[in-house]
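Undergrad: Sequence unavailable; structure follows:
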């Protein structure tokens, strides 16, 4: 494994599916989304958090804009 994280979402998805055996592991949920035209994904453990909290997190993510997803966005 040369890099821990690739630039390609598809490559990272494939690596996570393989490492976590997502197709057979029903406790790990992987959700693909598009946020302001950018493909993103979220990975979480089912039952690890309250469904209402998870819904609020997903809602927050869906309301993000492109400028919020650029490198260094959290260094403002």
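TA: Yep, that arrived. Model, not experiment: these values are computed from the prediction. Numbers count the residues shown, from 1 in each chain.

Undergrad: quick one, what contacts the most centrally placed residue in the chain?
TA: In the chain, the centroid-proximal residue (C-alpha atoms, centre = their mean) is residue 42; its distance is 2.0 Å. Counting by C-beta atoms under 8 Å, 6 or more residues apart in numbering, residue 42 touches 30-31, 33, 57-58, 61. (Each C-beta comes from the backbone N, C-alpha and C, glycine too.)

Undergrad: Please render these as TSV that adds secondary structure, pLDDT and distance to residue 46 to the earlier fields.
TA: Formatted as TSV, the contacts of residue 42 follow (DSSP: H, G, I helix; E, B strand; the rest coil; pLDDT from 0 to 100; distance: C-beta to C-beta, whole Å):
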residue	secondary structure	pLDDT	distance to residue 46
30	strand	86	11
31	strand	88	11
33	strand	89	17
57	helix	89	14
58	helix	89	13
61	helix	89	17
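
Undergrad: Tell me what the closest residue to residue 69 other than its chain neighbours is bridged to.
TA: Computed as C-beta to C-beta, 6 or more residues apart in numbering, the closest residue to residue 69 that is not its neighbour in sequence is residue 38, at 5.6 Å. Counting by DSSP bridges, residue 38 forms beta bridges with residue 35.

Undergrad: Make sure residue 38 is actually in contact with residue 66.
TA: Yes: checked against C-beta atoms under 8 Å, the pair residue 38 and residue 66 is within contact range at 6.2 Å.

Undergrad: neighbour-wise, which of the two wins?
TA: More neighbours surround residue 38 than the other of residue 38 and residue 66, with 14 against 11 (other C-beta atoms under 10 Å).

Undergrad: Distance check, the more buried one against residue 21.
TA: 27 Å (C-beta to C-beta, to the nearest Å).
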